[in-house]
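Novice: Predicted structure and sequence below. I'll ask about it afterward.
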Amino acid sequence: MEIGSSRHCFCCSSDVQYYLAYFQARQAAKIATYRMQQLALLGAKTERIATVNSQGLSHLVNPDYVAAATEMLNTNARDRLALEELAACVGLSSQATIRLLEASNLNNE
């Protein structure tokens, strides 16, 4: 099937619904990743870095860091699931769906 065919244009309401779910999950994953990066930067600025091991352990006792890490893992899992559901809906693999979204500029980073 060609990319321009009706099968790939998100013409059905379920196609749009799956795309919106994927888009929302993708945005949530980006936000969670950003929060993790901010906490890591804040931790690096406010702590003494003795060794790599002690720095890693200090993050694990920080409840904000643990919550952000958990949220990032959860949002990444939801992102992947939403992508797989969208791919199944349009009859493509996850990789082909990502390529299609990128070619259509619908997966803006």
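Specialist: Great, that's in hand.
Novice: tally of neighbours for D79?
Specialist: For D79, the neighbour count with other CB atoms under 10 Å is 21. Where you see a C-beta, it was placed from the backbone N, CA and C, and this is true even at glycine.
Novice: same thing with the one 10 residues further on?
Specialist: For C89, the number of neighbouring residues by other CB under 10 Å comes to 19.
Novice: nearest residue to it other than its sequence neighbours?
Specialist: Y18 (4.5 Å; CB to CB, 6 or more residues apart in numbering).
Novice: Near the one you found, how many other residues are there?
Specialist: Y18 - counted by other CB under 10 Å - has 22 other residues nearby.
Novice: what do you get for the one 5 residues further on?
Specialist: When neighbours are counted by other CB under 10 Å, F23 registers 17.
Novice: now swap in Y34 and tell me
Specialist: Y34: 12 neighbours (other CB under 10 Å).
Novice: Can you name the next helix or strand after the worst-scoring helix or strand of the chain on mean pLDDT?
Specialist: Ranked by mean pLDDT, DSSP states H and E, the weakest helix or strand in the chain is helix 52-60, scoring a mean of 56. On the C-terminal side of helix 52-60, the closest following helix or strand by DSSP states H and E is helix 63-90.
Novice: circling back to that earlier point, the inter-axis angle of the helix or strand containing the residue nearest to C89 versus helix 63-90?
Specialist: Element membership for Y18, per DSSP H and E: helix 13-46. Orientation check (axes from the mean of the first three to the mean of the last three CA atoms, to 10 degrees): helix 13-46 against helix 63-90 gives 160 degrees.
Novice: and helix 13-46, which residues are buried?
Specialist: Neighbour counts over helix 13-46 (16 or more other CB atoms under 10 Å) mark 15, 18-19, 21-23, 25-26, 28-29, 32, 35-36, 39, 43 as buried.
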